[in-house]
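J.: Give the three-dimensional model of this entry:
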Amino acid sequence: VSYHPGVRVYTPPPPPPPPPPPPANRPPVVTVSCDPCEVEFGDEVRLRADASDPDGDPLAFRWSAPAGNFTDATDRATTRWRAPAQEGPVPITATVTDGRGGSASDSATVLVDAPPPPPRREFVFEDIHFDFDRYSLRPGAARVLDEVVAALAEDPDLGIQIEGHTCNIGTNEYNLALGDRRASSVQEYLTDRGVSAMRLQTISYGEERPAHDNGREETRRLNRRAALVVRMQ
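T.: Have a look, this model is predicted:
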């Protein structure tokens, strides 16, 4: 372009600078809590994921666990989980995503315990009574002793100590021997019905441990007995 005196040449302004790039996406944050955090087999746990996003993006939730099973929806901030029948710690994880490539995860560990064993059944057996100076079993003894046989079959850890007792008539030596024969009669009845002799112990106290007054016959006769004491093996 030629130069002409007095003529102003137009110079266009420079283009505006480009807009700044959008800020980088910031990931969300999440914290997981459990209630309770220690349970027994089959118990249920309430879980909560407290999550936020610094950019205000909407968040999606996903829960996961290596064991047990969820009993509620797994795509929201709260859920429920049922413990497996297996002892040990179980991490339960919530993952949140913001739809823009940002994500975060957190876990709560639930300790699963085996339930305590059921209370052991308590066995208490009636005394086996004998006639004076006798060690043969009365017919009524079978009812009690058959209960003992059933109890030993039910619980393999059960054992029985059979105590032979007498009244105070006779010498101490004679009564110790009589108490031993009474205990042996009970033991023989039980072993004849399949009870292992290893689960039975016999001992004679003779007249040494009366359970009733030896001063009157109506109570003295109750000391002619064999007591069945439960022992855990």
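
J.: C-alpha from now on. contacts and neighbour counts both.
T.: OK.

J.: Can you tell me how far residue 226 is from residue 122?
T.: 19 Å (CA to CA, to the nearest Å).

J.: which SS state does the closest residue to residue 93 other than its chain neighbours fall under?
T.: Closest residue to residue 93 apart from its sequence neighbours, by CA to CA, 6 or more residues apart in numbering: residue 107 at 4.2 Å. Secondary structure, DSSP: H, G, I helix; E, B strand; the rest coil: residue 107 is strand.

J.: Which residue ranges of this protein form strands?
T.: Taking DSSP state E to define them, one finds strands in the chain at 29-35, 38-40, 44-52, 60-64, 69-70, 78-82, 88-97, 103-113, 128-129, 158-165, 200-206, 225-232.

J.: Rebuild these as JSON lines, extending it with distance to residue 143.
T.: Below are the strands of the chain laid out as JSON lines (distance: least, CA to CA, whole Å):
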{"stretch": "strand 29-35", "distance to residue 143": "52"}
{"stretch": "strand 38-40", "distance to residue 143": "41"}
{"stretch": "strand 44-52", "distance to residue 143": "47"}
{"stretch": "strand 60-64", "distance to residue 143": "59"}
{"stretch": "strand 69-70", "distance to residue 143": "50"}
{"stretch": "strand 78-82", "distance to residue 143": "47"}
{"stretch": "strand 88-97", "distance to residue 143": "47"}
{"stretch": "strand 103-113", "distance to residue 143": "42"}
{"stretch": "strand 128-129", "distance to residue 143": "10"}
{"stretch": "strand 158-165", "distance to residue 143": "16"}
{"stretch": "strand 200-206", "distance to residue 143": "18"}
{"stretch": "strand 225-232", "distance to residue 143": "14"}
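
J.: Could you list the low-confidence segments of this structure?
T.: Applying pLDDT under 70 to the chain flags the ranges 1-9, 233.
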